[in-house]
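K.L.:
Need a 3D model of the following:
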Amino acid sequence: MLLSLLDRSRTRTGRSDADALQATLRRARRAEQLGLHRFWVAEHHAVPGVVGSAPTVLMASVAAVTSRIRVGTAGVMLPNHTPFVVAEQIATLAALHPRRIDVGVGRSVGFTAPVRRALGVSSADGFEDRLAELLDWLHGRGPVTLRPLVPPPPVWLLATGGGLEIAARAGLPVVAAGPVLTDPEPLHRYRAASPPGRARVTLSVDVLVADSVAAARRELLPQAVALARTRSRGEFGALPSPEEAAAAQLSARERADVERNLASTVHGDEAEVLDRLQDLVQRTGAVELMTSTTLHDEAAEAEADTRLARLLARLRTGG
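P.N.:
Prediction:
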């Protein structure tokens, strides 16, 4: 089980957007020091709570402040971009940082109608054709020669539901989350439909190791509250502190969403987290864990990353 981090460059109350990006770079350096396998960045547009809007630009910065850890996108949202331009950006990164660049692609479009208009997209229609075009460019099958000329970097598909079928047809590994954590049957179908030796699953799940379930819940509450507000109010704001989250005035629906959000995470003390991760690995056959937990306090987040890295080392050795 390989351990990777997805950092969305979340904003935090009381801190600037610029600091959110600097915090991503600090976390990437810590991830490398911990011996993690990969560091992923994401793509979100015009969202107050997330400033990671240009993943290939951010990848360049992450790769520049590290030297060994692999750097990937989770992901570039292909409907928003011309496949040829994405291929050129990725090839440039791969030329500057050989054998360290990975490409995760997704099919989400803008968060709101004004954002979709600003991006010039209305839907994810034609995604499979765009994906095939991107793969053709990266593998030198396009009508012109992609420059710089480099070996094609690995490509992942962020996939659930029908996306798993697309990944199987394309022979791509997947980053999977959500329903497959409780019902791995779609992953079984993905493996059965993939070309031999091409199926590979990375699980995306929020994980937090703490001294107790209560301590973990306290640190995860801000993220759960922020997500609940997103669903009910259309707001995806800065991450509140644990104290702010505990004092938040929430509707009954929002409180129920908070509990669902917390239940979807893997959290607790080391024994509890290790037991749940072992169960997830056995049921899904995943070979990599991508955790995207963000805490309001950066020092607490650094400690949580350290504890998880140590725990995953135990999982790899069967401890």
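K.L.:
Please name the nearest non-neighbouring residue to Ala46.
P.N.:
Of all residues not flanking Ala46 in the chain, Val115 sits nearest, at 4.9 Å (CB to CB, 6 or more residues apart in numbering). Every residue, glycine included, has its C-beta placed from N, CA and C.
K.L.:
Could you do Ala226 as well?
P.N.:
Leu239 (5.8 Å).
K.L.:
hang on, the residue nearest to Ala46 in a strand?
P.N.:
No. According to DSSP: H, G, I helix; E, B strand; the rest coil, Val115 belongs to no strand; its state is helix.
K.L.:
Leu21 versus that one, what's the distance?
P.N.:
20 Å (CB to CB, to the nearest Å).
K.L.:
More neighbours: those two, which one.
P.N.:
Set Val115 next to Leu21 and count neighbours by other CB atoms under 10 Å: Leu21 wins out with 19 against 16.
K.L.:
For that one, give me the pLDDT.
P.N.:
The model reports Leu21 with a pLDDT of 97.
K.L.:
Would you verify that it is located in a helix?
P.N.:
Yes. Assessed with three-state DSSP, Leu21 lies in a helix.
K.L.:
so who does the nearest residue to it once chain neighbours are set aside touch?
P.N.:
Leaving out its chain neighbours, the residue that sits closest to Leu21 by CB to CB, 6+ apart is Ser9, at 5.6 Å. Counting by CB atoms under 8 Å, 6 or more residues apart in numbering, Ser9 makes contact with Ala20, Leu21, Ala23, Thr24, Val41, Ala42, Val50, Val51, Gly52, Leu58.
K.L.:
does Leu157 count as helix, strand or coil?
P.N.:
strand.
K.L.:
So what sits opposite it in the bridge?
P.N.:
Beta bridges link Leu157 to Val105, Val174, judged by DSSP bridges.
K.L.:
quick one: contacts of the helix or strand that contains Met290?
P.N.:
Assigned by DSSP states H and E, Met290 falls within strand 288-291. Strand 288-291 has contacts (CB under 8 Å, 6+ apart) with 1-6, 37-38, 40, 74, 175, 200-207, 277, 308, 312.
K.L.:
go on, stretch 127-138?
P.N.:
78-79, 83-84, 86-87, 90-91, 103, 105, 107, 141-142, 146, 152-153, 155, 157, 166, 169-170.
K.L.:
Please pick the buried ones from those.
P.N.:
For these, a burial check counting by 16 or more other CB atoms under 10 Å picks out 78-79, 83-84, 86-87, 90-91, 103, 105, 107, 142, 146, 152-153, 155, 157, 166, 170.
K.L.:
and the residues you listed, which of them are in strands?
P.N.:
Among the buried ones among the contacts of stretch 127-138, DSSP state E puts Val103, Val105, Val155, Leu157 in strands.
K.L.:
As CSV, those residues with distance to Ala216 and pLDDT would be great.
P.N.:
Output for these, formatted as CSV (distance: CB to CB, whole Å; pLDDT from 0 to 100):
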residue, distance to Ala216, pLDDT
Val103, 33, 97
Val105, 32, 97
Val155, 34, 97
Leu157, 31, 97
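K.L.:
Could I get the buried residue list for stretch 101-112?
P.N.:
Ile101, Asp102, Val103, Gly104, Val105, Gly106, Arg107, Val109, Gly110, Phe111.
K.L.:
Flag the least confident of those.
P.N.:
Out of these, that is Phe111, at 77.
K.L.:
Skipping adjacent residues, who's closest to that one in space?
P.N.:
Val47 is the one closest to Phe111 (CB to CB, 6+ apart), at 5.7 Å.
K.L.:
how about the strands in the protein?
P.N.:
Counting by DSSP E, the strands of the chain are 2-7, 38-41, 70-73, 76-77, 101-106, 155-158, 174-176, 201-204, 207-209, 266-268, 288-291.
K.L.:
so what strands line up beside the last one?
P.N.:
Partner strands and pairing direction for strand 288-291 (DSSP bridges) are strand 2-7 (parallel), strand 201-204 (parallel).
K.L.:
next one: the second one
P.N.:
In the sheet containing strand 38-41, the strands it pairs with under DSSP bridges are strand 2-7 (parallel), strand 70-73 (parallel).
K.L.:
winner for burial among these?
P.N.:
strand 70-73 (a mean of 25; mean count of other CB atoms under 10 Å).
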